[in-house]
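Visitor: Sequence first, predicted coordinates after that:
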Amino acid sequence: MKKFNIRKVLDGLTAASSSAPAQPGTSRENDAVQETLQSEHFQLCKTVRHGFPHQPSSMAFDPVQKILAIGTQTGALRLFGRAGVECYCQHESGAAVIQLQFLVNEGALVSALADDSIHLWNLRQKIPAILHSLKFNRERITYCHLPFQSKWLYIGSERGNIHIVNVESFTLSGYVIMWNKAIELSTKTHPGPVVHISDNPMDEGKLLIGFECGVVVLWDLKCKKADYRYNYDEAIHSVAWHHEGKQFVCSHSDGTLTMWNVRVPAKPDKIITPHGKQPKDGKKPEPCKPILKVEYKTTRAGDPFMVLSGGLSYDTVGRRACLTVMHGKSTAVLEMDYPIVDFLTLCETPYPNDFQEPYAVVVLLEKDLVVIDLGQIGYPIFESPYPLSIHESPVTCCEYFADCPAELIPALYSVGSRQKRQGYSKKEWPVSGGNWGQGAQSYPEIIITGHADGSIKFWDASALMLQVLYKLKTAKVFERARGKEEKPSTDIVDEDPFAIQTLFWCPESRMLCVAGVSAHVIIYRFSKQEVTTEVIQLLEVRMQSDFNDVDSPDPGGEQTPTLPTSAASCSPQETEPPNQLPAGSNSSEGPRDNLPCLQVRSSPLKQSQGYQVELVIQLVWVSGEPPQQITSLAVNSSYSLVVFGNSNGLAVVDYLQKALLLNMAISELYSPSDPCLRQPRSPRKPRQPSGGLGDSNDGSNNSEDRCKSPTSAKMSRKISSPTEQKPELACRTQRGHTVTCKKESRMCLRGPIGRTKSDPNYYIKDNAFSRSRSSSVTSIDRESREAISSFYFCESFPRKSDILVTPCLLLGTTQGSVMMLALSLPPDGDQRQPVSFSSCGTLVRLKGGILTMALLDANGALLPSSFDPWFELNASDEDKEKGRRRRPASPLSSQEGQYSQFAVLCSEKQAKVVAMPSQTCVYKHNITETSFVLRADVVQMAGAYCIACFCANGHIMTLSLPSLRPLLDVNYLPLTDMRIARTFCFSNLGQALYLTSPTEIQRITYSQETCDNLQEMLSELFTPVETPEAPNRGFFKGLFGGGAQSLDREDLFGETTAGKASRSLAQHIPGPGSMEGMKGAASGVVGDLARARIALDERGQKLGELEERTAAMMASAESFSKHAHDMMLKYKDKKWYQL
């Protein structure tokens, strides 16, 4: 029975009232759209976690199941099998995992935590669960050891004692090895914590115990006494056995290895200092750094392997961490990129008393996982199939695209496969356990991550897997400073000047646009052909703040296309030769001006298949003020336009013609009568430009085609360009553009050979409303300054009186204003007509900054932005022109009804739905009063659309469209890190993700259907596998008892012999995954069938063995009966003296 919650009822009433229609007379329109989404369609749960485990602390490997487990300092467990088989689970306490032990081939794992608790995990279910827990009260756990095919777990403590736990019942045995009985009675000091426990490979009744102080004890479990004690002056870090059980090796804190003969405890058989310098006079080598771990593995056909970490000489300051592999007389030192946390040697056999035959070493680093091939010369590494390189450079932004075009993933994979490194091992990845899920989620999914080094990675995220497809390095288009002294003084960030700030990707046209922290924008096209770009096309844009406005004299009359000499736009490099780069004003003569933050490379750029640079746009310094970082970005391939904005305003660029079309301040978007305008200005008189873009023989063009706003008189101007440019460059900038803006702009097309500049040749004076603020703005002013926060290209009704849709640009600001720009495109195929814009004023105003905008049709279906399908960039001229042809606006009319479109607008505080073209608000919903929305997206769910929101207080909500009914509200994840806010994103079909740590992506779903099918979709860790046969002891060893000696641990440690342990020593806690809990928690038909199949297989196997044994016994009994009958017949008639 569900628990009644009055709070949910009250929240529902509040939500119902807050999402009521905004207008009293709109009931007919509200009922026109039939909404199919209901609360039953939504449920929130985690799906999978990808990436490298953050802050790893321990590792274990199951040599039969081929499963790798990694524990972290935050109590997380990550389990890996074959490519695509991953699992994440978490200890509730969050304590660090200090050690992991597999129950080999049993589908179970024991974890020991820093809070002195041990847990038994059941891995036979798709979502592992804890079966039992044991919490120690008076002992601190330091080391655990579980012998192969044993159910008794040895636990060493900080006090030096060893306790024994039955892993089946998780109860303590009464058998305890006390430290004072293990060491010599004459020893006056405590030996320290237990750092090692292992049983003799050839005699299970002998236990080797290593104490931190340097004492090693061989304990006889049956006699309960120490057989031998081995003493060394240096502290012990680890111990490893030879498989024959006659020798063992210890690693010490002075960088030495000591080899001991079991029966000679007096002194070490050999002392090795792998990295110590051997003095000529025969003295002891200089001490080295501690050898933290050593493993000793034998081979049947050659010398044994000794693998160790640490032990380097102290004079190697600053040297990276190393793994040393000693094989025979050769010693290989393998440098690692990060410090070593742990390593394991993978062997062919799980039996410790057989030749180990090592074939690989798994090295767990602080930020990477490396597997070394021991079977090939040079010890190459295996190519990892896991997505562990997410954090190769810190992630700065993230986008998620579910249900994208099917041909995208093969296209990206084909170009990305050429980027793979060479030199990997030719063998298969050794961690190959588990099976993939059988889910029905088959739509393609792509994740794009932007990084601090300027790189962008495309990931295939289909079917709950993650695989890197393609990597793009945006820093290649810029010159790199070779040293600190060469670092450009125009940088606005000290570190990571190429970091990705935001990105925009159109899956249909494959256009990619990225904005970096150095106020630069790069437009990329996708191509399957390799090209070499001689000149990187550059456009420099001068976006000047309203606070920096300086009145300029009226030039009047005809002017040559040169920069004016006003104080705000002084540029001394106008008379430079074309082959020189602009120097700007960056000296004692004045403040920096007209300088970009980064320098575009001057040498040719070889661009391989994939994304290739189309245009680089850079904002420049203005009168000593650095350019503001770009806050919003959008691209439309149908119009060949890219728009970006910041706190100074917005700019629109035609990336085909490499031309700046619009450069406008935010205040100029408001009309003078607009109530949202904070700093009103009088409209300025339009002035005729002096020149136009085009052929120099044609003279200046007329500007009669410019478009004026219905609410304010905006002026138009042509951007002029000199004709001394390169011929191939001039043909690309033939078309003129009408620009409706009042801001000063500066742009240039620049390369290593020549550059062109175009600047406005007129300036408008407005003494009545000019600001008298200095160019230096305080940080408070910067924070309160309104910035562009969102763009959306659409085809809608710019004005209330319109009956036909036209191309528009919706833009939202951080102050909650939503404005619209109408685009006037040339006729289809006409490249000579200008593109013009007109501001239509404020559409609506919301509380908080605008996060997302969308457009719905009269039936509530999403109207996506128009796009041109992808075409090959380097195709023939005919195909290229066909691809470049602009798409005319679709003549949709509003005759069908009063409300033919709905504009969906969502801000940090509320959501509104506005009917178009009447521009009336028909629905409004206050999302949050006490918090604010971090991310909002209009997404598709179950054939309909809704708004998905993530709030700073941790709530994830969905609202129906267009009525804004609350459908889901779950308190999921409080904002504890800005990384979550920066990377959280929603996608279609109920998918979402965020970076839960600097190295891991957490994927979640808010779809009820996905939650229901999750059990079938998840991968399976445990698969029934036969345990390899035990090594053959041989005839003579079996005859004379030279083989491995077994031990009846049940008889020795059981309650009958050893008694019960003290109840106050540890507390047993049944886990939620115990048998009782499993019966209630098990769900999913496939899971039940799989468990039944495994149980039947195991039962059938046991029945088969029983049948074979029964048949053998029957045959033996029949043979015995026959022999007895023959004997009876033979001696039946004989007398006793005849016998």
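Guide: Now that the structure is in, tell me what you want to look at.

Visitor: Give me the sheet partners of the strand or helix carrying Y1006 and which way each runs.
Guide: In the assignment (DSSP states H and E), Y1006 maps to strand 1000-1007. Looking at strand 1000-1007 with DSSP bridges, its partner strands are strand 42-51 (antiparallel), strand 991-997 (antiparallel).

Visitor: contact partners of that strand?
Guide: With contact meaning C-beta atoms under 8 Å, 6 or more residues apart in numbering, strand 1000-1007 is reached by 41-54, 390, 398, 447, 461, 464, 466, 941-942, 948, 956, 958, 968, 972, 989-996, 1011, 1014. (C-beta placed from N, C-alpha, C; glycine too.)

Visitor: could the strands paired with strand 1000-1007 be laid out in CSV, adding mean neighbour count?
Guide: Formatted as CSV, the strands paired with strand 1000-1007 follow (neighbours: other C-beta atoms under 10 Å):
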stretch, mean neighbour count
strand 42-51, 20
strand 991-997, 24
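
Visitor: For L856, which of these is the nearest?
Guide: Of all the strands paired with strand 1000-1007, strand 42-51 sits nearest to L856, with 19.6 Å by C-beta to C-beta.

Visitor: coming back round to it: tell me how far the strand holding Y1006 lies from the chain's centre.
Guide: Its chain's C-alpha centre and that of strand 1000-1007 lie 11 Å apart, by C-alpha atoms, centre = their mean, to the nearest Å.

Visitor: just stretch 1116-1128 next, same as before
Guide: 74 Å.

Visitor: That one - what's its average pLDDT?
Guide: Stretch 1116-1128 comes out with an average pLDDT of 81.

Visitor: just stretch 966-981 next, same as before
Guide: 90.

Visitor: Extract the CA atoms of that stretch and return them as PDB.
Guide: Output of stretch 966-981 as PDB, limited to C-alpha atoms (Å, rounded to 0.1, in the frame of the first residue of the first chain):
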ATOM      1  CA  PRO A 966       3.300  19.400 -14.400                       C
ATOM      2  CA  LEU A 967       3.900  15.800 -15.300                       C
ATOM      3  CA  LEU A 968       6.900  15.000 -13.200                       C
ATOM      4  CA  ASP A 969       8.600  16.500 -10.200                       C
ATOM      5  CA  VAL A 970      11.300  14.500  -8.500                       C
ATOM      6  CA  ASN A 971      13.900  15.700  -6.000                       C
ATOM      7  CA  TYR A 972      16.800  13.900  -7.600                       C
ATOM      8  CA  LEU A 973      20.200  15.600  -7.300                       C
ATOM      9  CA  PRO A 974      21.000  18.800  -5.300                       C
ATOM     10  CA  LEU A 975      23.500  21.100  -7.100                       C
ATOM     11  CA  THR A 976      26.800  20.400  -5.300                       C
ATOM     12  CA  ASP A 977      29.200  21.300  -8.100                       C
ATOM     13  CA  MET A 978      29.100  23.700 -11.000                       C
ATOM     14  CA  ARG A 979      30.200  20.900 -13.200                       C
ATOM     15  CA  ILE A 980      26.700  19.400 -13.000                       C
ATOM     16  CA  ALA A 981      25.100  22.700 -13.900                       C
END
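
Visitor: Look up the residues forming beta bridges with C397.
Guide: Bridge pairing for C397 - DSSP bridges - gives G450.

Visitor: Redo the strands paired with strand 1000-1007 as JSON lines? Include distance to V361 and mean pLDDT.
Guide: Listed next are the strands paired with strand 1000-1007 as JSON lines, based on distance: least, C-beta to C-beta, whole Å; pLDDT from 0 to 100:
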{"stretch": "strand 42-51", "distance to V361": "23", "mean pLDDT": "96"}
{"stretch": "strand 991-997", "distance to V361": "26", "mean pLDDT": "96"}
